[in-house]
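Enquirer: From the sequence below, what's the structure:
(4 chains)
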Number of protein chains: 2
Amino acid sequence: MTVTLKDIAERVGKSITTVSRALYDYDDVSPKTKELVHKAALEMGYTPNTFAQRLQKQRTDTLGFIIPTFGPRFSDPFFSEFLAGLGNKAAEFGYDLLVSTRSPGEEEMRAYREIVRGKRVDGFILLRTRQQDSRIAYLVETGFPFVAFGRTTDKMTFPFVDEDSALGMRLVVEHLTGFGHRRIACLAPPQELTFALHRLNGFHEGMANAGLPVDESLIVTGDLTQRGGYERAKILLNQLNRPTAIAACNDLMAFGAIRAAQETGLVVGKDIAITGFDDILMAEHSNPPLTTVNQPIYKIGAMVCEMLIRLIRNEPMAETQITLKPELMVRQSSNYQLS
Amino acid sequence: MTVTLKDIAERVGKSITTVSRALYDYDDVSPKTKELVHKAALEMGYTPNTFAQRLQKQRTDTLGFIIPTFGPRFSDPFFSEFLAGLGNKAAEFGYDLLVSTRSPGEEEMRAYREIVRGKRVDGFILLRTRQQDSRIAYLVETGFPFVAFGRTTDKMTFPFVDEDSALGMRLVVEHLTGFGHRRIACLAPPQELTFALHRLNGFHEGMANAGLPVDESLIVTGDLTQRGGYERAKILLNQLNRPTAIAACNDLMAFGAIRAAQETGLVVGKDIAITGFDDILMAEHSNPPLTTVNQPIYKIGAMVCEMLIRLIRNEPMAETQITLKPELMVRQSSNYQLS
DNA sequence: TTGAAAGCGCTAACAA
DNA sequence: TTGTTAGCGCTTTCAA
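Expert: Predicted coordinates for the structure are as follows:
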């Protein structure tokens, strides 16, 4: 059924070794033999058995990507955009992608350990880094190659790409205060995520820059889903002294907040300003279109992937710790002067 | 560095074979030996080398999933929901997922051929089936296991899960005509996709059931993205005799249409009715919330995965061709009587 | 320019 | 109950 080197060898009357070398264009094989072998291989529909190659070569040409999910019905477009960037770049370099989903915790760590010890991939891509990240601690400790989208807050050194989230939030706050907002709420991400810290810091800095006090009761933590944003925003909006603006730390929560505001009878972009973070494709098409901070997620996926491949191949890299400057996308959800 | 069976064998003073059998609890190994081996394996941090196992066993315990993408920045939440269902179920059964992205065409077919011939996966999951689907033709021909989400229109027999899209669209049209709509536009999917046919048929049947003529100029094809929906809807809405309702064949296009309507100064759910198809998580949280046809995408991902695993393992299956009944989710985007 | 032989780490048939 | 042997398909010395 499957064609192996042996089959080709028999057909052309040469040894397996010669066939192998002919196929990979070693220069100690005569041109005639090469041609013969190539032709036979093509005709017979030969494709190398990857597992045999990997066993022999001791590398896998595979990149690991374990998506950290919270709850069963996860559906953050953020992940599909990232995966697309990753997948396309990996394919370009001839790498496979081993993808699984695991919610953060012991199960997740076991998955990493097994994959590392079984040498199932050449390296890992990490996403949604945590302030104290046991995945990173483990990989650094074992010296296993990986590149992260995001940083940690401890002293570990490793290659990453990240966006300057603090700057992003400062831009948001500057934009809002510029339109006269003083009571600005913040829908924060779960604390353990590193970008929660950066975005919250940026929020505080922005307020400080504008000479405004921060009302801590206006800072609430959500779970990065629409539902979470919706529920938190409801609570904020039911307060007596409600905020005039809500800065959500990702787009999905912002969408939830928009719905909450609308159910409360407020016109978003007129009675209340709402902003997001990420600029997923949907942000441009929501109603109203969402003011948000652009993260080139697709591009970051591709960057991280290329960095990892270079790392694995021991190729030189210009930079191993890259921080991107974010851009504020002003759209209708916040683009009005507070009266 | 890595611990192998040989290392354990040396440590416990037994043969490699015995160690192998002890680890997998063969009953021809003495309890004492088993315990010894298990303990040693644990202490030494043994993890089997998957590639060696696969080479030997001639199976891969891996499922292939090639995501068909159109254009670089693809970001359909549909895919991430499906992937989540797939991934979780695969993990449950101990299968890996080999994921890539390829846009339909020759490149895509080459990827399938190479993976099949290199025996890189035990089976494939297919998505977004085409009326004449060369992937399916190839897999059927080679007898390679796969399960599809969706059907084809030719005579090929293969296992699939699909939703009764025609019924779904009939429900939509019935709902709209019940509220007095007569001029209903349809944002159709690219023709080559099988569900384009089913949904369009359903649309026509629904209109016929209501005794209404179909104005062919109101049926336009989009590319399933928000942008596509937006552009097509713009054209529809700029007509002199504009439709009173737009039935989009997926949620993303519906979102685009909503934005187009709003830019035209129409209030969706009052001046115009817009409906979608899929019921992605976003549909509930859009503004206004979107009337749509529910497809349990996450669940379908899990179902398809389990079917494929059974197929691979030659386990009996109750049904191999499953068609699900859709449910109409009526929300504000269409829930009003046309005056 | 070619081939024989060894071995990657594992499983399984067979023998002891 | 255990070990010997062979072999999955491939790459890579080393020798011819």
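Enquirer: tell me the average confidence for stretch A:86-103?
Expert: Stretch A:86-103 shows an average pLDDT of 89 in the prediction.
Enquirer: Pull the distance from that stretch to the chain's centre.
Expert: For stretch A:86-103, the distance from its own C-alpha centre to the chain's C-alpha centre is 12 Å (Cα atoms, centre = their mean, to the nearest Å).
Enquirer: Mind listing what's buried along that stretch?
Expert: Using 16 or more other Cβ atoms under 10 Å in any protein chain shown as the test for burial, stretch A:86-103 gives A:86-91, A:95-102. C-betas here are computed from N, CA, C, even on glycine.
Enquirer: So which of the residues you listed reach chain B?
Expert: A:G87, A:N88, A:A90, A:A91, A:D96, A:L97, A:L98, A:V99, A:S100, A:T101, A:R102 (Cβ under 8 Å from any Cβ of the partner chain).
Enquirer: so how many other residues sit close to the nearest residue to A:A254 once chain neighbours are set aside?
Expert: Closest residue to A:A254 apart from its sequence neighbours, by Cβ to Cβ, 6 or more residues apart in numbering or on different chains: A:G276 at 3.3 Å. By other Cβ atoms under 10 Å in any protein chain shown, 32 other residues sit near A:G276.
Enquirer: A:Y138 too?
Expert: Close neighbours of A:Y138, defined as other Cβ under 10 Å, add up to 15.
Enquirer: ditto for A:T50
Expert: Quick note: A:T50 (other Cβ under 10 Å) scores 21 neighbours.
Enquirer: same check, this time on the one 3 residues further on
Expert: A count of nearby residues for A:Q53, using other Cβ under 10 Å, gives 15.
Enquirer: Confirm it sits in a helix?
Expert: Yes - assessed by DSSP: H, G, I helix; E, B strand; the rest coil, A:Q53 belongs to a helix.
Enquirer: What residues does the stretch 1-150 of chain A have near DNA strand D?
Expert: Contact residues (Cβ under 7 Å from any atom of the strand) of the stretch 1-150 of chain A with DNA strand D: A:2, A:4-6, A:16-17, A:20-21, A:23-24, A:46, A:48-49, A:52-53, A:55-57.
Enquirer: can you narrow these to ones near chain B?
Expert: The residues of those that also fall near chain B, by Cβ under 8 Å from any Cβ, are A:T2, A:Y46, A:P48, A:N49, A:A52, A:L55.
Enquirer: Three-state assignment for A:N241, please.
Expert: From three-state DSSP, the assignment for A:N241 is coil.
Enquirer: From DNA strand C, how far off is the closest residue to it other than its chain neighbours?
Expert: In space, not counting the residues next to it along the chain, A:N241 is nearest to A:R183; the distance is 7.1 Å by Cβ to Cβ, 6+ apart. In this structure, A:R183 lies at 62 Å from DNA strand C, with Cβ to the nearest atom of the strand, to the nearest Å as the measure.
Enquirer: So for A:R183, what's the pLDDT?
Expert: pLDDT recorded at A:R183 is 96.
Enquirer: same thing with A:F74?
Expert: According to the per-residue confidence, A:F74 scores 66 in pLDDT.
Enquirer: Can you give me every residue that contacts the residue nearest to A:A254?
Expert: Taking Cβ atoms under 8 Å, 6 or more residues apart in numbering or on different chains as the contact definition, A:G276 lies against A:A248, A:N250, A:D251, A:L252, A:M253, A:A254, A:F255, A:A283, A:L290, A:T291, A:T292, A:V293.
Enquirer: With pLDDT as new columns, can the residues you listed be given to me in JSON lines?
Expert: Below are these laid out as JSON lines (pLDDT from 0 to 100):
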{"residue": "A:A248", "pLDDT": "98"}
{"residue": "A:N250", "pLDDT": "95"}
{"residue": "A:D251", "pLDDT": "96"}
{"residue": "A:L252", "pLDDT": "94"}
{"residue": "A:M253", "pLDDT": "96"}
{"residue": "A:A254", "pLDDT": "97"}
{"residue": "A:F255", "pLDDT": "96"}
{"residue": "A:A283", "pLDDT": "93"}
{"residue": "A:L290", "pLDDT": "97"}
{"residue": "A:T291", "pLDDT": "98"}
{"residue": "A:T292", "pLDDT": "98"}
{"residue": "A:V293", "pLDDT": "98"}
